[in-house]
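> one predicted model, sequence on top.
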Amino acid sequence: MHPVFRTMQTMSSPAKNPALYELDAVRFSAGGRAILSGLSLRLEQGRIYGLVGPNGSGKSTLIRMLARQQPPSGGSIRCLGAGIASIGDRDFARSVAYMPQFTPPAEGMTVRELVALGRFPWHGALGRFGALDAAKVAEAMADTRLDSFADRLVDSLSGGERQRVWLAMMLAQDTRCLLLDEPTSALDIASQVEMLGLVRRLGHARGIGAVIVLHDINMAARVCDEILAMRGGTLIAQGAPAAIMTSETLEAIYHVAMGIVPHPGTGEPIGYVL
Amino acid sequence: MAEPVHINRMPTNPALLWGGLALAAACLSAFQVTGHLVAGVSPRPGTAPLDGIILYHSVLPRIAVALVGGAALGLSGLLLQRVLRNPLAEPSTLGVSAGAQLAMTVALIHAPALMDHAREGVALAGGLAAVGLILALTWRRGLEPVAVVLAGMMVALTATMASAALILANGEYLFSIFIWGGGAMAQQSWEPALTIAVRLVAGIAAAVLLSRPLSILGLDDASARSLGVALNLTRFGVIGVAVWLAASVTAEVGVIGFVGLAAPALAHLSGARTQAHKLVAAPLIGAVLLWLTDGLVQLMAGIDGERVPTGAATALLGGPLLLWLLPRLRMFEWPSLDRRPSPSRRSRRPGRLVGAFALIAAIAVALALTVGYGPEGWTLSTGKLFSRLLDWRGPRVAVAAAAGAMLAAAGMVLQRVTANPLASPEILGVGTGAGVGLTAVLFLTAGSGIGLQVAGSAAGAVVVLGAMLALSLRSGFGPERLLLAGIAMGALCSAVLTAVIATGTPQAFALLRWLSGSTNDATPADAWFCAVTAAVLLTALPLASRWLEILPLGDVTARSIGLPVRRCRIALVLYAGVLTAAAALFVGPLSFVGLIAPHLARLAGLGRARTQGAGAVLIGIGLMVVSDWLARTVSFPYQLPLGLFAALLAGPYLIWLLGRNGPRSGQP
């Protein structure tokens, strides 16, 4: 068992340390079509979850509901012990940070300004941007190695650098949880490894949880503590990467015959299409 | 509704729908015809010949003009949309009609003989000049649709305003031109119908001959060229035909908007997929639209003749139709708004830059207060003369400055709330919406006070803005659609204004003055009111700067960092609406300061909401005050409308700005 998982287990007592998310029979349908059908799930704090599955399996819908960008059609979602709809806008943004699949163009904004927007839930529309805010921004930029870009315009950066800026903004938000919807879909392989490595390292170092939607199952197995596999609007497998990375499970997820080989260096399982 | 998602067709059978509408139009015409026929066979002696004459020389030609005119406009719109690959192109958005109208107004004043013999030539010259200007301005942008429409709108509005100024300067005897300008369809002979019909036949023949190159022109330039099409020759040929069609309609019956825009779009929605189908469907639909509208106008007409010009009525009917259609236009060939990195540049010392703008604004105010042009030439007034003139110049400078500041702030807020760099009170029709509110107040309450007028125009502005925002929040409603919706809304409100002005009452004259934007008779009370309103409203701007910083990033991001998005939008829209209404009340709806000032501030390097707002407000003050000064001095002793100069100052700059916009990324 993963060390972090063990500490979380020993720490968890329902009253003091509620689950990051508790989903009970969550449904979502659009235009008469069920996209999620009765999903029940418990996500613990401080763990990194990979959300995988084929296109149209409901991954993005699920993460958008976790981020409160979309209300569920039925069922209940609790976040850190409170019903998700009952939390105030800024309170929720102090607990959960979300990066959409397509980040908007940040026209005319410098890196530092965009990262500083992450402090909005803490200082609000009129509050002073204080020393603590400045420190959190500086820390987020240092952690994502953005110091040398601080005064560059966001739109002038490469895709990988821009994604790091948005991650820094989420870190400056100082939340209990990061939600990332396909953060690597437009990145080259080096940037993918860098981005996900950052999320894993910083998540564990700061003790914050993360839910990451990923297409690449091997990448998910590499960075996540636990994998949630979806297909057709339901959760079909959940477990540590080693438990998911079997040819039977992968075939059940993707409906393609797949095999497993051990990584020549680390011995971790690697899935490939047969 | 079982399938709300897939609406790219008309909800009913299109043939049935258009057949039904044509039948309705036919019934209305039959009603007119039988009215005269029954009278014609009536036993009363002496009336029969007269009714027969009216029937033959007025009623029937009018039906014919409506049919061929609508068809010509539909064809013209189709050709322009195709050749410019621009679904917003049509004779009125490209300034053809307004250019023709201006040319004819000028001709009527300075060379009335010309109008007798070469009416169509004059109109064609004006229309071609307008289109030529627009194409020249946007050529370097590769005739990008949004740039073309924007340039077209600018040229059209400037031409309209110039016409209005000429009419005002030449007294009421030209007032009838305004009614004609609204598209009056009354006929005395078959000649106009025949003239348009000949052009229509020629246009259809040309379109059929050019149908192959035309369908290739729908592709991008490179593909078209590689398929061996003589690109520019074909393009100019087609544009020439389209302008000729539109100009001849304008020459015969005046400006009729919307038919050219709506007919091709409706043809497409009714299932005309191929070029050949559209070539048949668009003119037919155009004909039905105009025929029906004209029938309705006649039906509504009172005993003293109809008071609403048909051209205004087409906009009244077509505007809502277009707004209804826009969210349903799924299959429409939307041009992609190229998301190139914007040429934004950030100043290292924004404080200094704002200081510089403040200095420029102060110089502009000093210039406007001291320098004048009189019978003895240029004068610099100081001392006693200055304090005497201050009573005259002070109020108008104060009104201009306050209005400029408010419009600039409103534009900045709107551009950030909609995340659309082309949004502004002028383009989204907010100014004209304020005008409609003002109209309602003027007509409903006699001798209304300034407070009521402000309330009325604010209500109009907020309603228009709310409608725009509600539309823009629908999924998949991109910046182009917002612009199109704004243009539709603007045309709709202008149509109401035109219709009201056409009544010729004293209130109508007041509205015409308002429309052209004039500070001539600003009183000290106006000045105080305007300045205090501006000061009060603008102190709220810095309070919203964090919202304005976040909103351009879109709803998802704004929500995820805890912004109450809906409440913010509503508050800011109300704010921008009140700002626009207060400013438009004094300087009219058409100034472009709200569009241009935030752009200038951003281009100068003010990127943050707070500094951009401050810069935009100062630039707005400077632009408006200089425009006012020019309006006062350029054609002394006559005073030109302020709005005209503001548009003339701001318009070319915006076009240049669009043309300069290259793939340039920000430097460290």
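Cool, got the structure.

> tell me which residues of stretch A:203-219 are tucked away?
Burial within stretch A:203-219, assessed by neighbour count using 16 or more other C-beta atoms under 10 Å in any protein chain shown, is assigned to A:203-204, A:208-214, A:216-219. For glycine as for every other residue, the C-beta is placed from the backbone atoms N, C-alpha and C.

> just the C-alpha atoms of it, please, in PDB.
C-alpha atoms of stretch A:203-219 as PDB (Å, rounded to 0.1, in the frame of the first residue of the first chain):
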ATOM      1  CA  GLY A 203       0.200  17.800  -4.200                       C
ATOM      2  CA  HIS A 204       2.100  15.400  -2.000                       C
ATOM      3  CA  ALA A 205       4.300  18.100  -0.600                       C
ATOM      4  CA  ARG A 206       1.400  20.300   0.300                       C
ATOM      5  CA  GLY A 207      -0.900  17.500   1.300                       C
ATOM      6  CA  ILE A 208      -3.600  18.500  -1.100                       C
ATOM      7  CA  GLY A 209      -5.700  16.100  -3.200                       C
ATOM      8  CA  ALA A 210      -6.100  16.100  -6.900                       C
ATOM      9  CA  VAL A 211      -8.400  14.600  -9.500                       C
ATOM     10  CA  ILE A 212      -6.900  14.500 -13.000                       C
ATOM     11  CA  VAL A 213      -8.700  13.500 -16.100                       C
ATOM     12  CA  LEU A 214      -6.200  11.700 -18.400                       C
ATOM     13  CA  HIS A 215      -6.300   9.900 -21.700                       C
ATOM     14  CA  ASP A 216      -3.000   8.200 -21.400                       C
ATOM     15  CA  ILE A 217      -3.400   5.200 -19.100                       C
ATOM     16  CA  ASN A 218       0.300   4.800 -18.600                       C
ATOM     17  CA  MET A 219       0.700   8.400 -17.600                       C
END
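
> now do the strands in the stretch 1-150 of chain A.
For the stretch 1-150 of chain A, the strands defined by DSSP state E, counting those that start in this stretch cover A:21-30, A:33-43, A:48-52, A:74-79, A:82-83, A:96-99.

> what about the fourth one, near chain B?
Think strand A:74-79. No - Strand A:74-79 lies out of reach of chain B by C-beta under 8 Å from any C-beta of the partner chain, never closer than 13.4 Å.

> packing partners for that strand?
strand A:21-30, strand A:33-43, helix A:59-66 (3 or more C-beta pairs under 8 Å, 6 or more residues apart in numbering or on different chains; DSSP states H and E).

> output the below-cut-off pLDDT ranges for chain A.
A:1-16 (pLDDT under 70).

> tell me the one of the buried residues of stretch A:203-219 nearest chain B?
Nearest to chain B among these: A:V211, at 13.5 Å, using C-beta to the nearest C-beta.

> and that closest one, which of the three is it?
Three-state assignment for A:V211 (DSSP: H, G, I helix; E, B strand; the rest coil): strand.

> for it, what are its contacts?
By C-beta atoms under 8 Å, 6 or more residues apart in numbering or on different chains, the contact set of A:V211 is A:43, A:49, A:51, A:63, A:66, A:177-180.

> contact residues of the stretch 401-550 of chain B facing chain A?
Neighbours of chain A within the stretch 401-550 of chain B, by C-beta under 8 Å from any C-beta: B:419, B:421, B:543-544, B:546-547, B:549-550.

> excluding chain neighbours, what is closest to residue 105?
With no chain named, the answer covers chain A. Once flanking residues are discounted, A:P105 sits nearest to A:D155: 5.9 Å by C-beta to C-beta, 6 or more residues apart in numbering or on different chains.

> that answer is for a different chain, and I need it for chain B
B:S163 (4.7 Å).

> what packs against the helix or strand the one you found falls within?
Using DSSP states H and E, B:S163 sits in helix B:145-169. Applying 3+ C-beta pairs under 8 Å, 6+ apart, we find helix B:145-169 packed against helix B:96-110, helix B:119-138, helix B:175-181, helix B:479-501, helix B:506-516, helix B:642-660.
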